[in-house]
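Student: Sequence and predicted structure below; questions after.
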Amino acid sequence: MNELTDAIAAMQGQIAQLQNDIETLRRATTLLRGTGTPAKATSGQPKAKRKRRKVSSAAAKGAPGQSKTTQMRKPTWSAAEREAISKRMKAYWAKRRKAKR
């Protein structure tokens, strides 16, 4: 029983040392990146990647109670703008193909 208690105490010591090492590495990373102070880097978990959410049609129309960040955005380019861009890109790629030959 005494051996088990000693093993647990040793593992807890190792865990504490690893946590200190992790905190030191986080501070160093923050300083190397030049983003803020080391105190800001002590937050618990790393940030999760953002996921695109499907929004109901009521939310897309701006239903009450929905924040503006969840509203779906409408395309901002008109048909004429898309056509103009298409023509420019086709000319660009044609010029590149011609230069390649």
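Tutor: On my side now, so go ahead.
Student: Give me the mean pLDDT for stretch 72-86.
Tutor: Here the mean pLDDT over stretch 72-86 is 87, rounded to a whole number.
Student: For this structure, which segments count as helices?
Tutor: Listed in chain order, the helices found in the chain under DSSP state H are 2-33, 57-60, 79-100.
Student: I'd like to know which helix or strand in the protein has the lowest mean pLDDT.
Tutor: Scoring the helices and strands of the chain by mean pLDDT, DSSP states H and E places helix 57-60 at the bottom, with a mean of 56.
Student: Can you tell me which of the helices of the chain is most buried?
Tutor: For the helices of the chain, the largest average neighbour count (mean count of other Cβ atoms under 10 Å) is found in helix 57-60, namely a mean of 12. Where C-beta positions appear, they are placed from N, C-alpha and C, glycine not excepted.
Student: hmm, back to that, can you tell me which of the helices of the chain is nearest to Arg73?
Tutor: The closest of those to Arg73 is helix 57-60. By Cβ to Cβ, the value is 9.1 Å.
Student: Is it possible to get CSV of the helices of the chain that adds distance to Arg73?
Tutor: CSV is the format used below for those (distance: least, Cβ to Cβ, whole Å):
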stretch, distance to Arg73
helix 2-33, 31
helix 57-60, 9
helix 79-100, 16
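Student: where among those helices is the average confidence lowest?
Tutor: For those, mean pLDDT drops lowest on helix 57-60, to a mean of 56.
Student: among the helices of the chain, which is nearest Gln71?
Tutor: Within these, the stretch nearest Gln71 is helix 57-60; the backing value is 6.0 Å (Cβ to Cβ).
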